[in-house]
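Asker: A structural model of the following input is requested.
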Amino acid sequence: MRTFKQLNIALAKRQIPLLLILILTTLSVNAQGGMLYEIPLENQLNAGQLVVEGEVVSQKSSWNTTRDNIYTLSTIRIHSIFKGETANTLDIITKGGIVEGVKQTIIPNLKLSIGESGVFILTENTNSSHLVPNTASNNKKYNVYSSLQGFYRYDAITDGFSNPFSKTQIASQSFYATISGITQQTAIHLGKAQTASLKVQQKRKAVFLPPENITFSPTAISAGTSSRLTLSGSGFGDTRGSVGFRDADSGGVNREDGTPNYTNALSSQIISWTDNSIVVEVPSTAGTGDIRIINADGTIGVSSQDLVVTYAIINDSRGRRTQHVSTNNTGNIRWSFNNEFDADAPARSAFLRAFNNWRCQTRINWVFSATPTQIARIAVDNISVVAFDTEDPLPEGVLGATSSITAFCNDQTVPVTEIDILFSSDLNNPSTPAQESWYFGENPNGITFFQWDFESVALHELGHAHQLDHVIDTDDAMHFAISNFEILRDLNASNITAATSVQALGRDNFACSFTRMTDFEDSCVLSTASETLFNQNIFVFPNPANSTLFVKNNSTQQLKTIEIRDLSGKLVRSLALTDKFSADTAINVENIASGLYLLKLTGNTKSSTLKIIIE
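Answerer: Numbering: from 1, shown residues only. The predicted structure is shown next:
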């Protein structure tokens, strides 16, 4: 899922964080790509009925009364009140949790942990379907306004408060003063006025030298694939600490002040730890950037060199790869359009262009049911749905979400049994030209400043459905963020390599009693049948090729360059065309090693990437 900043009409593009959801146990709901748009702090504070600083002291998860969702009740001990009135404790209800061997995690819904503290912007919970039965608490129940945007988590490492869009570096007076300036209410401190920043000052009395001279090998690696990285240096200590990578779910940096954001490897992913060497598996949420080592005593060291993460594969909560399976025993995954989405021809066509992009270039065997469904919600119902959120409204500030259902059957395999994608319907009917809306058109030049490209968003969400995680690369379809007025519709070599490996895992390996996937083998063009696209009028032959590969251009595009790359992205051959409308272009492939390659054709306004085989 992606992120975008609040629109500054005078200048700015905004960025949408595409956040990821991971879930698992006996059965888990993995809502991966939720697109957010920023709700500014002032808007949040005005909408919130209660604004407090506090700490999570206890939690209980349960099915709701209708047993169709899991909710977690978190009890908060209040330290300070910035708006409204409350007792010393209150309860916050969030969607997701673990009950009876079932884990449900929804992102961008907020996930809290015992011991976390921060500032909460709250509204009263009045939805009876959210209530958690069999709880003894008499505390008043609240929701966090705009989900994870309405909780400003305190970070003891940086001594700052942050949500996905902003961060205040000084935890004490500046952030508090900003809140009080907007709410026009003097903060009320309950009981101990000790803030989190005072606690962290006590933690920073470490006397040991920090980790130094940090190097690593290899320098480029994939994430979420059990790939191992060896870190060398000094001062790591003999007791395990933590290894942090730039967080791909936030672009690796805080967009407000440029401070680094890190995600830690699981303790189970740290293979070995000595004073001068660490071996660690790169977690699925890691992105390109430096590496942070925190010793057991809290001292910190950061590498001067950047690790390059080429692609990332989604893992479950224990660091295991997920795997496609065919639940209908035909070797494919069958999707259904909601009937209202199916009737929206522009939205349907834009989605299918992104859908075919993945299917044609990675051979994932996705097919669509000939009959639309009435269903328009995320649910465990054995139907993979594409819909607008008319039946299951997305939270405030969310543009889209992808949900993968995974079933735990042994310690090695995590089969994906269902996928749902919802898009916000709020952008469908703008009342004025300056109001934000979806752009569904095929021609990228038709988008306006106030529009979000639906095909680009769908391409990213389908990447999550294909079990790809975020990367840090603004030109990559799986980068966490996209801007308004931006087109990002091409898959690069790393996207195709990652997705092809996921398809191969499901095709070549059994997952418990499920049927293995087969490759999509039908004729494939990167378009819908009713539209004329660049690569419908360009032919590549023969494929496989022995000595010469021909490209025949019958399109109206000026063909500028032809590139052949291997699956690692390395350029093997490049051709700059002088006769851009040449009917036939011959490419000598005689000296290229046998194997699978990517052929990229670039025209004046469009490009296409195709798989070719050289024998």
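
Asker: run the chain-centre distance for the longest helix along the chain.
Answerer: In the chain, taking DSSP state H as the definition, the longest helix is helix 345-362. Taking Cα atoms, centre = their mean, to the nearest Å, the mean C-alpha location of helix 345-362 is offset from the chain mean by 19 Å.

Asker: tally of neighbours for Leu468?
Answerer: Neighbour count of Leu468, defined by other Cβ atoms under 10 Å: 29. (Each C-beta comes from the backbone N, C-alpha and C, glycine too.)

Asker: then Phe245?
Answerer: Neighbour count for Phe245, taken as other Cβ under 10 Å: 26.

Asker: and for His479?
Answerer: The burial count for His479: 21, using other Cβ under 10 Å.

Asker: and the spatially closest residue to it that is not a sequence neighbour, how far is that from Lys611?
Answerer: Computed as Cβ to Cβ, 6 or more residues apart in numbering, the closest residue to His479 that is not its neighbour in sequence is Asp473, at 5.4 Å. Per Cβ to Cβ, to the nearest Å, Asp473 is found 21 Å from Lys611.

Asker: try Arg565
Answerer: In this view, Arg565 and Lys611 are 11 Å apart by Cβ to Cβ.

Asker: can you show me the helices along this structure?
Answerer: Going by DSSP H, the chain shows helices at 41-47, 173-183, 196-203, 339-343, 345-362, 454-465, 493-508.

Asker: among these, which is the most enclosed?
Answerer: helix 454-465 (a mean of 26; mean count of other Cβ atoms under 10 Å).

Asker: comparing the helices of the chain, which yields the minimum mean pLDDT?
Answerer: Note on those: lowest mean pLDDT is at helix 196-203, with a mean of 46.

Asker: ok, which of the helices of the chain comes nearest Thr225?
Answerer: Evaluated with Cβ to Cβ, the helices of the chain place helix 493-508 nearest to Thr225, the distance being 7.7 Å.

Asker: which other helices and strands does the closest one contact?
Answerer: Judged by 3 or more Cβ pairs under 8 Å, 6 or more residues apart in numbering; DSSP states H and E, helix 493-508 is in contact with strand 308-312, strand 323-324, helix 345-362, strand 607-614.

Asker: next, the angle from that helix to strand 607-614.
Answerer: Put simply, helix 493-508 runs at 50 degrees to strand 607-614, going by axes from the mean of the first three to the mean of the last three Cα atoms, to 10 degrees.

Asker: any idea of the angle helix 493-508 forms with helix 454-465?
Answerer: Calculated by the same axes, to 10 degrees, helix 493-508 forms an angle of 40 degrees with helix 454-465.

Asker: centre of the chain to helix 493-508, how far?
Answerer: Here helix 493-508 is found 18 Å from its chain centre; the criterion is Cα atoms, centre = their mean.

Asker: quick one, that helix and helix 345-362 angle?
Answerer: 80 degrees.

Asker: so which residues make contact with helix 493-508?
Answerer: The contact list for helix 493-508, computed with Cβ atoms under 8 Å, 6 or more residues apart in numbering, reads 222, 225, 310-313, 321, 323-325, 358, 361-365, 463, 466-468, 471, 476-478, 491, 516-519, 565-569, 598, 609, 611.

Asker: can you tell me which of those are buried?
Answerer: Among these, those classed as buried by 16 or more other Cβ atoms under 10 Å are 222, 225, 310-313, 321, 323-325, 358, 361-365, 463, 466-468, 471, 476-478, 491, 516-517, 565-567, 569, 598, 609, 611.

Asker: what about the nearest residue to Ser513 once chain neighbours are set aside, distance to Val51?
Answerer: Leaving aside its sequence neighbours, Ser513 sits nearest to Cys409 (Cβ to Cβ, 6+ apart; 7.7 Å). Remark: distance between Cys409 and Val51 (Cβ to Cβ) = 45 Å.

Asker: the two: which is more packed in?
Answerer: A count of neighbours by other Cβ under 10 Å puts Val51 above the other of Cys409 and Val51, at 26 against 14.

Asker: flag the shaky bits of the stretch 501-615 of the chain, pLDDT-wise.
Answerer: Applying pLDDT under 70 to the stretch 501-615 of the chain flags residues 523-537, 567-569, 579-583, 605-606.

Asker: what about the strands in it?
Answerer: With strands called from DSSP state E, counting those that start in this stretch, the stretch 501-615 of the chain shows them at 538-541, 548-553, 561-565, 571-576, 584-588, 595-602, 607-614.

Asker: could I get the ones you listed as CSV with distance to Pro211?
Answerer: Shown next, in CSV, are these (distance: least, Cβ to Cβ, whole Å):
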stretch, distance to Pro211
strand 538-541, 51
strand 548-553, 51
strand 561-565, 37
strand 571-576, 37
strand 584-588, 50
strand 595-602, 39
strand 607-614, 41
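
Asker: what is the closest residue to Lys560 other than its chain neighbours paired to in the beta sheet?
Answerer: Nearest in space to Lys560, with sequence neighbours left out and distances taken as Cβ to Cβ, 6+ apart, is Thr602 at 5.2 Å. Counting by DSSP bridges, Thr602 is bridged to Thr561, Ser607.

Asker: correct me if wrong: Thr602 contacts Gln557.
Answerer: No - here Thr602 lies out of contact with Gln557, judged by Cβ atoms under 8 Å, at a distance of 9.2 Å.

Asker: before we move on, back to that, tally of neighbours for the residue nearest to His479?
Answerer: 20.

Asker: tell me the pLDDT at it?
Answerer: pLDDT recorded at Asp473 is 91.

Asker: if I look at it, how far off is Arg246?
Answerer: 12 Å.

Asker: find the residues that touch each one of these two.
Answerer: Contacts common to Asp473 and Arg246, judged by Cβ under 8 Å, 6+ apart, are Thr288.

Asker: could you list the domains of the chain?
Answerer: 2-11+323-508, 38-203, 212-310, 534-614 (automatic domain parsing).

Asker: tell me which of those domains sits nearest to Ser317.
Answerer: Shortest distance between Ser317 and those, using Cβ to Cβ, is found for domain 38-203: 7.2 Å.

Asker: from the chain's centroid, how far away is the closest one?
Answerer: For domain 38-203, the distance to the chain centre is 23 Å (Cα atoms, centre = their mean).

Asker: again with stretch 598-610
Answerer: Distance, stretch centre to chain centre, for stretch 598-610: 26 Å (Cα atoms, centre = their mean).

Asker: end to end, how far does it reach?
Answerer: Stretch 598-610 has an end-to-end distance of 6 Å (Cα to Cα, to the nearest Å).

Asker: ok, stretch 359-368 next?
Answerer: OK, stretch 359-368 end separation, Cα to Cα: 12 Å.

Asker: distance of Ala376 relative to Val385?
Answerer: In terms of Cβ to Cβ, Ala376 sits 7 Å off from Val385.
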